[in-house]
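J.: model the following, please.
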Amino acid sequence: MKILVCISHVPDTTSKINFTENDTKFDSNGVQYVINPYDEFALTRAMWFKEKQGATITVVNVGTVNTEPTLRKALAIGADDAIRVNTEATDGFAVAKELAEVVKKGGFDLILAGKESIDYNGGMVPGMLAALLDYNFVNACIGLEIEGDSATISREIDGGKETLSSKLPLVIAGQKGLVEEKDLRIPNMRGIMMARKKPLTIVEATSNEISTKSTSFEKPVAKSACKIVDADNVDELINLLHNEAKVI
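T.: Here you go, the predicted model:
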């Protein structure tokens, strides 16, 4: 089984986020980048198929040379090879089109991705990719088993869980539950050294067409100071909730 894992290069959640050029550009200075956490769940599940069923794993990213350390980390975790599509990932549909070309040329049986990236939270690329390929697609996946060319998938639905079956090829958008956080892999020294020798192929983008673009960014409003009300002063609490917070 050939597995393709789509990897997003995203800011660490502890990074301080700023914008430049009148809040129209993201300021990457001083920002630490990591593998998108949802994609890391997908990669970890792919590693299970590699170890238990002999699958091969290719990781792919649409991005500039700056994303290569993130791909190298994925190789250190255990992926066999990597592909970088040499264009900036500024539009979800454009990214999906580039990934579709990689899938068509590579003949992959299973495409795994996170349900969304934690930077823009678009949540659109996996579904668009499946539509472009005319593959079955399962979103919000929390369980995946493969037997031959058949897959059994679990996903979250409102108020419960749904179990589905599908034939390969298949696109999966995973989330926490596909694996647990305790199962995530930390690259060891041997993996890091081996990653340096694994192939990282750079391919040029097939199109520069962009359907959408960000026009401005805005930070959330800073939290106001907390007011503390004595436990025995119920009247003041009700007054503040009604007239100031306006929640009752």
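
J.: only C-alpha atoms for contact and neighbour calcs from this point on.
T.: Will do.

J.: what's in contact with the longest strand belonging to the chain?
T.: When the chain is parsed with DSSP state E, its longest strand is strand 136-147. Strand 136-147 has contacts (Cα atoms under 8 Å, 6 or more residues apart in numbering) with 115, 126-127, 130, 151-156, 166, 169-179.

J.: just the buried members of those?
T.: Buried by 16 or more other Cα atoms under 10 Å: 115, 126-127, 130, 151, 153-156, 169-179, out of the contacts of strand 136-147.

J.: elements contacting the top helix by length along the chain?
T.: Secondary structure of the chain per DSSP state H: the longest helix is helix 37-53. Helix 37-53 sits against strand 2-6, strand 56-63, strand 110-114, strand 170-174, with contacts defined as 3 or more Cα pairs under 8 Å, 6 or more residues apart in numbering; DSSP states H and E.

J.: may I see the ones you listed arranged in TSV, with mean pLDDT and distance to Phe26 as well?
T.: Formatted as TSV, the helices and strands packed on helix 37-53 follow (pLDDT from 0 to 100; distance: least, Cα to Cα, whole Å):
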stretch	mean pLDDT	distance to Phe26
strand 2-6	98	23
strand 56-63	98	15
strand 110-114	97	22
strand 170-174	97	26
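
J.: reformat those strands as TSV; add distance to Glu21.
T.: TSV is the format used below for the helices and strands packed on helix 37-53 (distance: least, Cα to Cα, whole Å):
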stretch	distance to Glu21
strand 2-6	31
strand 56-63	22
strand 110-114	31
strand 170-174	34
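
J.: so which of those gets nearest Glu98?
T.: With respect to Glu98, and counting by Cα to Cα, the nearest of those is strand 56-63 at 7.4 Å.

J.: for Asn208, which three-state class applies?
T.: At Asn208 the chain is in coil, as set by DSSP: H, G, I helix; E, B strand; the rest coil.

J.: now it: how far from Val95?
T.: 10 Å (Cα to Cα, to the nearest Å).

J.: neighbour-wise, which of those two wins?
T.: Val95 (24 against 10; other Cα atoms under 10 Å).

J.: so that one is in contact with Gly127, correct?
T.: No: using Cα atoms under 8 Å, Val95 makes no contact with Gly127, being 11.7 Å away.

J.: Asp149 - nearest residue in space that isn't next to it in sequence?
T.: Nearest in space to Asp149, with sequence neighbours left out and distances taken as Cα to Cα, 6 or more residues apart in numbering, is Leu168 at 5.3 Å.

J.: again, but for Ile186
T.: In space, Ile186 comes closest to Ile77 once its chain neighbours are excluded; the distance is 6.6 Å by Cα to Cα, 6+ apart.

J.: list the contacts for that neighbour?
T.: Per Cα under 8 Å, 6+ apart, neighbours of Ile77: Arg185, Ile186, Pro187, Asn188, Gly191, Ile192.

J.: what of Met189?
T.: Taking Cα under 8 Å, 6+ apart as the definition, Met189 has no contacts.
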